[in-house]
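**Student:** 3D model of this:
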Amino acid sequence: MKMRLSGVAEQNYIVLYGKSQLIDKVPIKRHNTPKITLDRREILMSARLIYAATAMVFALFAPTTLLAQGLTSGTAPTYTLSISAASGTVTKSPDKTVYHPDETVTRTAASAAWTPLILTDPDVQAKHYLPDFSYAGYHWGEVPLPRNTPTLQVTDFGAVPDDGKDDTAALKRAFAAANAAPGPVVLKFPKGRFILTDILRIDRSYFVLQGSGTGPDGTVIYMPKPLSSLPLPPELRELDKYLKVNDKRQIEKERGINHMFSHYAWSGGFIWVNVPGGRPKRYLEKYDKPDLTLAAAIRGRRGEFTLEVADSAKLHVGQLVRLNWFNREGENSSLVRHLYDNQPVKVGRRHWESPNTPLITQEVTIAGISGSTVTLKQPLLHDLRAEWTPTVTEWTHLSEVGIEDIRFEFAYDEYYAHHLEKGFNAIYLNNLAHSWVRNIEFINADSGLLTDSIANVTIEDVRVAGRKCHYGVHCGDVYGVLALNIQVQAEVLHSLSFNTGSRASVYTHCTVTRAPALDQHSGANQQNLFDDVTIFEDNPERTFIYPGGDDYWAPTHGAFSTFWNIQVNFLYPKPDTQPAIKIQGIKNGASSRVVGMTANYPIAIAWEFGPYIEGLNRPGIAVPSLYDYQLNRRIAPPPIQAPARTSCE
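**Tutor:** All right, here's what the predicted structure looks like:
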C-alpha cells in the first residue's frame, strides 16, 4: 500500500493532509527551509502512521521496515519500526514490542493556541522572573553567520584526500601557515577523507576552518587514535593536578572499575581553539593569576543594563570585559542566597572554599559610558553589591573563529565507562567570543564538541551519531552560547548539557532520538534555556530531566533555569493503572521555569524548590520558541500605537 500526503507551508509549520483530513503539523526549524530527508535520518512518527519525507511531498508506506533504520551511522540499526496497514499497530524489532494506535507517538494540533501568562500577565511576571535569553549567540543573534571565501587550501601543503595515508604533518603545516597569515584567513578542506593523529591548534582570531560539507561529497576528518595516545598537553596539567588532589575516581564495583578520571572526560580535542598559553578552565586556586582589574563595580540590578563603577577611566565603548562576583562571606553567603533565589536548597562547599576566585562571571560588552555609569549590551545576570566585591576585569580571548562543513569520524571503539573516556574528542573551544561552529557531524566520538571559557558562540546544525558517548554538544563554563538545531541520534550520556558554570546559554530547536538527558550539572550553572526540544524516550526507568555533577557543587542549577516547549514522545505504553506517566524533575534546584511541556500521554512532574509550571499537558503553545520570541521582540519590537484622538484635541 502506498498513499500520498500533501504538505503545505503554514507560518511555522508544514501541515500534512491525507484524504483531506488533517494528519499532523511538523515544526519548521529556525533558519532552515522546510525539509525532512531520509539522508539526514530525521524520523517523524504519528499515531497510526510512521512517515518520512523529502522536500514538500510526504509518502506513507505501510508496512515498512525502512524508516527507522540507520539512526546510528556506521553501525547496524539498533531497531526497526514497522506498521500494519490493517490494524495500525506498530512493531519494534528485534524485541517485537507492539504499540497499538492509541499508544504510538502523537503530534496533533487540535488544541487552540495559547500564550503563557509569564509572557503577558504583569502580576505573574512580577512574581516569577524570566531572563531574556535572546542575547545568546554570535553577535547576540543580531547578524547572520558569515560566509567566507577560502584563502588557503590544505592540499597546497601536501594533504591528499582519500589516499589512506596520515595527513597530520601536512595539516600541521597548513595550520601553521594559517595561524601566521596576515588578515582574515579561511583554510579550506576539499571533499574527501583526511587522516589525523595529532592535535591541530587555532590560536588566532579571524580564522575559519572550512570543509566541503558533511554529505557524500563532503569532507571527512578521520581520527584512528584517541588523545590519550599522545603526550599530555601542557594546558591540561592543572586538570591533572586537580584530579589527583581530589582523588577523582570512577568506581563501579559491579564491573570491577576503580580508576582515576580521564583527562579527556570533558576536556581536549583534536581541533583545539585557544589563545596561546591560555587557561582552558579554572580548577585550583593556586593556579590563579591576578586578572587586570579595570574598575570596581559599585551597584547594578539583575536584568538591567547599567552599572555604576568607581572609576571608568580604563573602560571604553565596544570593550569586551568580564564581570566578577566573589563570595567572601563564607557558608552563610548573601550571594549564594541570591544565586538560588532564597530557596532552601542544599548547597555544596565549593561555593565558599575559594573566596579569591570569582563564584560567578559574565562576559559583557560596553555599549556606553557616561561618567561613572556604564551601559552594557547585555542585561546583568545578578545584582552588584558591595559585599560581593564585584570587579570589571580584562578578558583575553579570540574572536571571529569558525569551524564549518566537516564530518568528524573516529575509529569505532566500544565505550568503556563514564569519566574514563580515551579522548576520541573532536573540538575543544577555549577563551573565544563571537564565533561559530556550523554544519558538523560527529561519528563515534567520546565527545563531539567541548567548551569552556567562551562567550556568544553559535553552534548550529550539528548531528551526533554512532556508538555510545559522553557528550555530543557540551556547554561547559560558558556564557551566552546558542546551540541551534542539534540532532542527537546516538546514545549520549548527557544529550544536551549545561555543565558546571554554564550561564545564560540556550539549546533550541533540538531533537534527541535516543536515551534523552536534558542535563544540568551542579556547579552554579544558571539562567539557561532548553527551548523547543523534541525527545524520544523508550526507557521507563530513566528520567530525561537529568541532574549531573557532584554534591560538593550542589544544587543542580541556579535560579531561573527554563524548560520551554519540551515535546516528549514515550515509545512505551502508559500503565493502565496510572492516570499519567510520572516524571522526576529536579530535586535540588532553585526556581525553575517549566512552560508548555507536553507528551503523547499525560505526564505528572515532581519538582522541588519554587518551580513555576505552566501549560503542562497543554498542546498548542503560541510561542513554540522562547528564544525566537524574545529575539524577534528585541530586534523588531511591535510598533507603538499612537493614542486615540479625543474630541477635545
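**Student:** Show me how this protein divides into domains.
**Tutor:** Segmentation of the chain into domains, based on automatic domain parsing, reads 2-103, 116-136+480-636, 142-278+396-423, 286-394.
**Student:** out of those domains, nearest to residue 457?
**Tutor:** domain 116-136+480-636 (5.3 Å; CB to CB). Every C-beta, even on glycine, is put in place using the N, C-alpha and C of the backbone.
**Student:** ok so, going back, tell me the most buried of the domains of the chain?
**Tutor:** domain 116-136+480-636 (a mean of 21; mean count of other CB atoms under 10 Å).
**Student:** Give me the distance between the two termini of it.
**Tutor:** 21 Å (CA to CA, to the nearest Å).
**Student:** those strands in the stretch 451-600 of the chain, which residues are they?
**Tutor:** Counting by DSSP state E, counting those that start in this stretch, the segments of the stretch 451-600 of the chain that form strands are 469-475, 482-488, 492-498, 506-512, 518-521, 529-537, 545-548, 562-570, 581-584, 593-595, 598-599.
**Student:** Distance to residue 164 and mean pLDDT added to those strands, as a markdown table?
**Tutor:** Output for these, formatted as a markdown table (distance: least, CB to CB, whole Å; pLDDT from 0 to 100):
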| stretch | distance to residue 164 | mean pLDDT |
| --- | --- | --- |
| strand 469-475 | 26 | 98 |
| strand 482-488 | 30 | 97 |
| strand 492-498 | 30 | 97 |
| strand 506-512 | 35 | 97 |
| strand 518-521 | 38 | 97 |
| strand 529-537 | 38 | 97 |
| strand 545-548 | 40 | 94 |
| strand 562-570 | 42 | 97 |
| strand 581-584 | 49 | 93 |
| strand 593-595 | 52 | 98 |
| strand 598-599 | 48 | 96 |
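**Student:** Tabulate those (a markdown table), appending distance to residue 437.
**Tutor:** Below are the strands of the stretch 451-600 of the chain laid out as a markdown table (distance: least, CB to CB, whole Å):
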| stretch | distance to residue 437 |
| --- | --- |
| strand 469-475 | 8 |
| strand 482-488 | 9 |
| strand 492-498 | 15 |
| strand 506-512 | 14 |
| strand 518-521 | 19 |
| strand 529-537 | 19 |
| strand 545-548 | 22 |
| strand 562-570 | 23 |
| strand 581-584 | 31 |
| strand 593-595 | 27 |
| strand 598-599 | 30 |
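**Student:** closest one to residue 125 among those strands?
**Tutor:** strand 593-595 (11.5 Å).
**Student:** ok, back up a step: quick one: closest of the strands of the stretch 451-600 of the chain to residue 393.
**Tutor:** Going by CB to CB, the one of those nearest residue 393 is strand 469-475, 22.3 Å.
**Student:** now the helices: where do they sit in the protein?
**Tutor:** 117-120, 122-127, 168-180, 237-245, 334-339, 626-635 (DSSP state H).
**Student:** Adding distance to residue 496 and mean pLDDT, write those out as a markdown table.
**Tutor:** Shown next, in a markdown table, are the helices of the chain (distance: least, CB to CB, whole Å; pLDDT from 0 to 100):
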| stretch | distance to residue 496 | mean pLDDT |
| --- | --- | --- |
| helix 117-120 | 22 | 97 |
| helix 122-127 | 27 | 96 |
| helix 168-180 | 30 | 98 |
| helix 237-245 | 24 | 96 |
| helix 334-339 | 22 | 98 |
| helix 626-635 | 14 | 96 |
